[in-house]
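Colleague: structure for this input, please:
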Amino acid sequence: MNRAHTLFEQGHYQEAAEIYKGFVFRYPTDPRVDEAQFFLAECYFRQRDYDQAIAEYSFLLDNFPQSRYRQRAELRMAEAYLRKAPPPELDQTDTETALRQLRRFIARYPHSPLADTARQLLSQAKEKLAEKMLIAIRTYRNLEAWDSERLYIRLLEREYPQTTARWWARYYLAEYYIYQGQADSAYTVIHDIVAREKDLPRSLVRKTKELGLKHGLWPFRRSQPSS
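Modeller: Numbering: from 1, shown residues only. Coordinates of the predicted model:
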């Protein structure tokens, strides 16, 4: 397998994959067969053939449960689902699968050296699913379906509170309150967003300030109303 590893390191993934595949089929009882299987999956992953990579990682997990590559394969398979998922406006079944697998990985291996990577990927999955909800919020806004819009805002805030999309949802919430004549509630949300401006996208903070200025709710010239 040394030749395959050399090709892999050089980025010749297709050639390396052929050698790894041949090794797996010719030497199924070799103690290195799980290593060959893992790197076969890696070859497909590196070529962005995520469906085939998932199939190969799954084969490793099903047939070599004690492999030292098990954790890496579990994490990579979840990442493959995340990478192959389409943009947020389309079906997010793959992202939801990645989310479940990443949560399971973190619960199963909380102290693994790979746990931080899993948490980062989990954050990416949450951001994508939150963006999907944000698209629904914008759609309901355009349709003037206010009750549905408010429902999705609440759902996004509950399910994905640490995402950037959640703060965009709060901007729409401020607009919603203004349209409903609830200035104090709108003020509270605007204040909440601007107070965190160092951590939020500039475009979001700018739009929030413009909204507040337009309706006399910013700059802040009075004490913040109670929630």
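Colleague: who touches the nearest residue to Tyr27 once chain neighbours are set aside in this structure?
Modeller: Among residues not flanking Tyr27 along the chain, Val33 sits closest, at 6.0 Å (C-beta to C-beta, 6 or more residues apart in numbering). C-beta here means a position set from N, CA and C on the backbone, and glycine is covered the same way. Listed by C-beta atoms under 8 Å, 6 or more residues apart in numbering, the contact set of Val33 reads Phe23, Val24, Tyr27, Phe64.
Colleague: may I have the helix or strand containing Thr6 as PDB, with CA atoms only?
Modeller: Using DSSP states H and E, Thr6 falls within helix 2-9. This file holds the C-alpha atoms of helix 2-9, laid out as PDB (Å, rounded to 0.1, in the frame of the first residue of the first chain):
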ATOM      1  CA  ASN A   2       3.000   2.300   0.200                       C
ATOM      2  CA  ARG A   3       2.500   3.200  -3.500                       C
ATOM      3  CA  ALA A   4      -1.100   4.000  -2.900                       C
ATOM      4  CA  HIS A   5      -0.200   6.300   0.100                       C
ATOM      5  CA  THR A   6       2.400   8.100  -2.000                       C
ATOM      6  CA  LEU A   7      -0.100   8.700  -4.800                       C
ATOM      7  CA  PHE A   8      -2.700   9.900  -2.200                       C
ATOM      8  CA  GLU A   9      -0.300  12.400  -0.700                       C
END
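Colleague: in it, what's buried?
Modeller: Within helix 2-9, the residues scored as buried using 16 or more other C-beta atoms under 10 Å are Ala4, Leu7, Phe8.
Colleague: tell me the pLDDT of Ser226.
Modeller: If you check Ser226, the pLDDT there is 47.
Colleague: what do you get for Trp146?
Modeller: 89.
Colleague: nearest residue to it in space, please, no chain neighbours.
Modeller: Closest residue to Trp146 apart from its sequence neighbours, by C-beta to C-beta, 6+ apart: Tyr176 at 6.8 Å.
Colleague: save the contacts of Val33 as TSV, and put in pLDDT, secondary structure and distance to Leu200 too.
Modeller: Shown next, in TSV, are the contacts of Val33 (pLDDT from 0 to 100; DSSP: H, G, I helix; E, B strand; the rest coil; distance: C-beta to C-beta, whole Å):
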residue	pLDDT	secondary structure	distance to Leu200
Phe23	96	helix	51
Val24	96	helix	49
Tyr27	95	coil	55
Phe64	96	coil	45
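Colleague: ok, those vs Asp199, which is closest?
Modeller: Phe64 (43.4 Å; C-beta to C-beta).
Colleague: what separation is there between the residue lying closest to that closest one once chain neighbours are set aside and Leu114?
Modeller: In this structure, Phe64 finds its nearest non-sequential neighbour in Asp34, 4.1 Å apart by C-beta to C-beta, 6+ apart. Distance of Asp34 to Leu114, computed by C-beta to C-beta, to the nearest Å: 17 Å.
Colleague: which one of these two is surrounded by more residues?
Modeller: Asp34 (20 against 16; other C-beta atoms under 10 Å).
Colleague: quick check: the more buried one touching Leu61?
Modeller: No: between Asp34 and Leu61 no contact is recorded; they are 10.1 Å apart, counting by C-beta atoms under 8 Å.
Colleague: where does this protein have low pLDDT?
Modeller: The chain contains residues with pLDDT under 70 at 220-227.
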